[in-house]
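>>> Build me a model from this:
(2 chains)
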2 protein chains.
Amino acid sequence: MAETTTVTVERLQQLSTAALATVGVPDEDAAAVTRVLVEADMMGLATHGVIRLTPYTTRIRMGGVKAKPRVTVDQRAPSLAVVDGDNGLGPVIGTRALKAAMAMAAATGIAYVGCRNSNHFGAMMPYALTACDAGFVMIAATNAGPTMPPWGGAEARIGNNPLCVAAPMPGGPHFILDMAMSVAARGKIRIAERNKTPIPEGWAVDKDGRPTTDPVAAMRGFLVPFGGHKGSGLSLAVDILAGVVTGAGFLTGIASWTEQPKEPQRAGHFFLLIDPARLTGAGAFAESMARFREIIHSTRAADPAAPVLIPGQREQERRRAALESGVAVPADLLAEVEALGR
Amino acid sequence: MAETTTVTVERLQQLSTAALATVGVPDEDAAAVTRVLVEADMMGLATHGVIRLTPYTTRIRMGGVKAKPRVTVDQRAPSLAVVDGDNGLGPVIGTRALKAAMAMAAATGIAYVGCRNSNHFGAMMPYALTACDAGFVMIAATNAGPTMPPWGGAEARIGNNPLCVAAPMPGGPHFILDMAMSVAARGKIRIAERNKTPIPEGWAVDKDGRPTTDPVAAMRGFLVPFGGHKGSGLSLAVDILAGVVTGAGFLTGIASWTEQPKEPQRAGHFFLLIDPARLTGAGAFAESMARFREIIHSTRAADPAAPVLIPGQREQERRRAALESGVAVPADLLAEVEALGR
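As a prediction, the model looks like this:
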């Protein structure tokens, strides 16, 4: 394991906003990006934490993302809006869109806000936490550059397109399912390649679409969606809801975040909020969610040492611990983030 | 393979309505149920076709389902409604809910209609076809009696909770993803049980959580969610959206369709419709969907003999063929349906 340094949440937030300021991101926008990234670190989602500051700021420096976008909210109907992100940082656009969706859903009970001309918008759990704290049920998703073949294909056409479904839980933890569409993360294959160890069957296919356990062949080939045709279909469905419906790019129309750093990514997201108080009443909904939690938590576990959890429970427990005791950050990453802010 | 008889769509519809009439289902309701079941047979979804007439009519005879329910649509806001199914047949309730959702989405651009006090509502593709033909993007799902353990659990707590995402395609086929959460459908295990053939490994575990290929042991045990914790989480998410939010039963609060035939199932469903014409404009949406289809269809196939398809494409092709050439129905099933109508 790499050496880590434990820093307070406030310190990590200061470092993040300082890094974003050096590339000209306005204060309010830097605060939004910082919240999304640092929340991810607090929840233990390190791949989506402040480690993203280097690609975010690099992309701004290379002209692939605008530091000062003119984000517009175009409300098409009382419960429908399209946010044009003007190629700004994704978390700036996502935060604006969620805020608009919450205002609309508070007024009408439901809101769909689609985002176009956006970029990588971070982990979804921080957005879900905001929506749930305000009492909304949320379905949200984003598309991403093509890395996987559709079911039966041998060319990358679909992104890892994470999908989030969240619902407020009285007393916590909120139900927050946040799942990407691949069996395994690409980062895990990269680690196996570095360690020269085989990867499990079913994680990836080679460049001709044949199953492989060789991490080198897998890196030249493709990740595989989870559940075969089901994960593939779900990834396509997210691309329609987040890309086609919003007017964003979709499938091969999305630029690679890593390989095309000077190009607008044209990613799309959506936030769909429902106010459950309008349907069952707030009291009945809270009671049912508490009952839901009780049924899950009281399920006999296959392994008595590993009780059955609510999706997102572990991340929210880590978040609470981080608020009290700080966040452990790899020392080299901390040095990198500190250097960005100078 | 069992001997089959090919019948016209009209003949199958007549047989279905006759069967439903014998248990007192009113004409309009029988037409709705018949449409959902026969469309499933036309699409090759035989597990959700007229094979369901025996359990549907049996349940009415045993008092578990009302033949003449008083279905009410309670509109809570311009884009939100709750349908109380009064324990009628699921397809009657689902058809009423979808109709209400389409009217609301036509007026406001978006609608969420939740259903409570409902029962098994058939396959989702027939509903998706209706929504797509009218130009709506649809997300819909239902919960179901507990048959699977949640991830890490050793007791049945979650249903197979199918989820459908559909989008209209100009010139067809519509994009219709309809997926249950288990690796395999329970209906397929039931067919294997009937045919006394083993099931593939990985479909189910027995009552003690051990993998089995015996359909009888599998029917006494559990289905397994696809994608491990992801399918388990998605099933829970559907249960919240279709059950908790609507005020229906959820998790263990849903009666088993097969084992508690005299009890109201208390199942919940939802239909969420979006009018894409309100977001990107109808022309731009149609162009993007056509481009989406082109990208998928032009993907190099891993097996050149098996081109990459749009989800729901095969089912819609079968449906067209059935309209021309009829539906092949197992001879014993046909005899059973004919007998029901006498």
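
>>> contacts, neighbours, all on C-alpha from now
Noted.

>>> in the strand or helix carrying A:D41, what's buried?
A:D41 is part of helix A:27-42, with elements assigned from DSSP states H and E. Neighbour-count burial for helix A:27-42, counted by 16 or more other CA atoms under 10 Å in any protein chain shown, picks out A:29-42.

>>> for that helix, packing partners?
On a contact count with 3 or more CA pairs under 8 Å, 6 or more residues apart in numbering or on different chains; DSSP states H and E, helix A:27-42 meets helix A:9-21, helix A:90-108, helix A:125-133, helix A:313-325.

>>> Give me the angle between the following helix or strand past that helix and helix A:90-108.
Downstream of helix A:27-42, the first helix or strand assigned by DSSP H and E is helix A:53-61. Orientation of helix A:53-61 against helix A:90-108 (axes from the mean of the first three to the mean of the last three CA atoms, to 10 degrees) gives an angle of 90 degrees.

>>> Using CSV, write out every CA atom in helix A:53-61.
In CSV, the C-alpha atoms belonging to helix A:53-61 read as follows (Å, rounded to 0.1, in the frame of the first residue of the first chain):
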residue,chain,number,x,y,z
LEU,A,53,-8.0,17.7,-10.2
THR,A,54,-5.0,17.0,-12.5
PRO,A,55,-7.1,15.9,-15.5
TYR,A,56,-9.6,18.7,-14.8
THR,A,57,-7.0,21.5,-14.7
THR,A,58,-5.0,20.0,-17.5
ARG,A,59,-8.0,19.9,-19.7
ILE,A,60,-8.7,23.5,-19.0
ARG,A,61,-5.1,24.4,-19.7
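
>>> Can you name the next helix or strand after it?
Downstream of helix A:53-61 (by DSSP H and E), the next one is strand A:72-77.

>>> residue contacts, A:A277?
When contacts are counted by CA atoms under 8 Å, 6 or more residues apart in numbering or on different chains, A:A277 touches A:283, A:285.

>>> Might you list the low-confidence residue ranges for chain A?
For chain A, residues meeting the criterion pLDDT under 70 lie at A:1.

>>> And the strands in the stretch 101-250 of chain A?
For the stretch 101-250 of chain A, applying DSSP state E, counting those that start in this stretch gives strands covering A:110-118, A:137-142, A:163-167, A:175-179, A:204-205, A:211-212, A:222-223.

>>> Return the distance of the one helix or strand A:T5 maps to from the chain's centre.
Element membership of A:T5 [criterion: DSSP H and E] is strand A:4-7. The gap between where strand A:4-7 is centred and where its chain is centred comes out at 24 Å by CA atoms, centre = their mean, to the nearest Å.

>>> How about the contacts made by the one residue sitting closest to the centre of chain A?
For chain A, the residue nearest the mean C-alpha position is A:A123 (2.6 Å; CA atoms, centre = their mean). Residues counted as contacts of A:A123 (CA under 8 Å, 6+ apart) are A:36-37, A:40, A:45, A:48.

>>> now swap in A:G109 and tell me
Contact partners of A:G109, counting by CA under 8 Å, 6+ apart, are A:273-276, A:278, B:77, B:79-80.

>>> tell me which parts of the stretch 101-250 of chain A are close to chain B?
Counting by CA under 8 Å from any CA of the partner chain, the residues of the stretch 101-250 of chain A close to chain B are A:108-110, A:112, A:150-155, A:157, A:165-167, A:177, A:179, A:183, A:208-210, A:226-227, A:230, A:233-234, A:237, A:240, A:244-247, A:250.

>>> from those, which would you call buried?
Buried members of those, counted by 16+ other CA under 10 Å: A:108-110, A:112, A:150-155, A:157, A:165-167, A:177, A:179, A:183, A:208-209, A:226-227, A:230, A:233-234, A:237, A:240, A:244-247, A:250.

>>> what about A:F292, how many neighbours?
Residues contacting A:F292 under the criterion other CA atoms under 10 Å in any protein chain shown number 22.

>>> got it, and A:N195?
The number of residues packed near A:N195 is 10, by other CA under 10 Å.

>>> how close does it sit to chain B?
Noted for A:N195: a distance of 26 Å to chain B, by CA to the nearest CA, to the nearest Å.

>>> ok and the residue in the stretch 151-300 of chain A nearest chain B?
Proximity of the stretch 151-300 of chain A to chain B (CA to the nearest CA) peaks at A:G153, 4.3 Å away.

>>> how about that residue, what does it touch?
Counting by CA under 8 Å, 6+ apart, A:G153 makes contact with A:209, B:299-303, B:307-308.

>>> Recalculate using a threshold of 7 Å.
Contacts for A:G153 were tallied using CA atoms under 7 Å, 6 or more residues apart in numbering or on different chains; they are A:209, B:299-302, B:308.

>>> tell me which of the residues you listed is nearest to B:G94?
B:V308 (31.5 Å; CA to CA).

>>> Let's verify the closest one: helix, strand, or coil?
coil (DSSP: H, G, I helix; E, B strand; the rest coil).

>>> Do I have it right that it meets B:A302?
No: applying CA atoms under 7 Å as the test, B:V308 and B:A302 come out as separate, 8.8 Å apart.

>>> Common neighbours of the two, please.
With CA under 7 Å, 6+ apart as the test, B:V308 and B:A302 both reach A:152-153.

>>> When these two are compared, which one has more neighbours?
Neighbours around B:V308 and B:A302, counted as other CA under 10 Å, are more numerous at B:V308. The numbers are 22 against 19.

>>> What count of nearby residues applies to the closest residue to A:A2 other than its chain neighbours?
Nearest residue to A:A2, sequence neighbours excluded (CA to CA, 6 or more residues apart in numbering or on different chains): A:P330, at 6.2 Å. Other residues within reach of A:P330, judged by other CA under 10 Å, total 17.

>>> dump the residue contacts of A:P330.
A:2-5.

>>> Can you list phi and psi of it for me?
The phi/psi pair for A:P330 (degrees, to the nearest 10) reads phi -50, psi 140.

>>> That one pairs with what?
For A:P330, the beta-bridge partners under DSSP bridges are A:T4.

>>> and the helix holding A:D41, how far out from the chain's middle?
Per CA atoms, centre = their mean, the centroid offset for helix A:27-42 relative to its chain is 13 Å.

>>> about what we covered before: packed most tightly, which of the strands of the stretch 101-250 of chain A would that be?
Per-stretch averages of neighbours, counted by mean count of other CA atoms under 10 Å in any protein chain shown, single out strand A:110-118 among the strands of the stretch 101-250 of chain A, with a mean of 29.

>>> what angle sits between it and strand B:72-77?
Counting by the same axes, to 10 degrees, strand A:110-118 lies at 50 degrees to strand B:72-77.

>>> CA atoms only for strand A:110-118, dumped as CSV, please.
In CSV, the C-alpha atoms belonging to strand A:110-118 read as follows (Å, rounded to 0.1, in the frame of the first residue of the first chain):
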residue,chain,number,x,y,z
ILE,A,110,-41.4,15.9,-10.5
ALA,A,111,-38.6,17.2,-12.7
TYR,A,112,-36.4,15.9,-15.5
VAL,A,113,-33.4,18.1,-16.2
GLY,A,114,-31.1,17.0,-19.0
CYS,A,115,-27.6,18.3,-19.5
ARG,A,116,-25.7,18.8,-22.8
ASN,A,117,-22.3,20.1,-23.7
SER,A,118,-20.9,18.8,-20.5
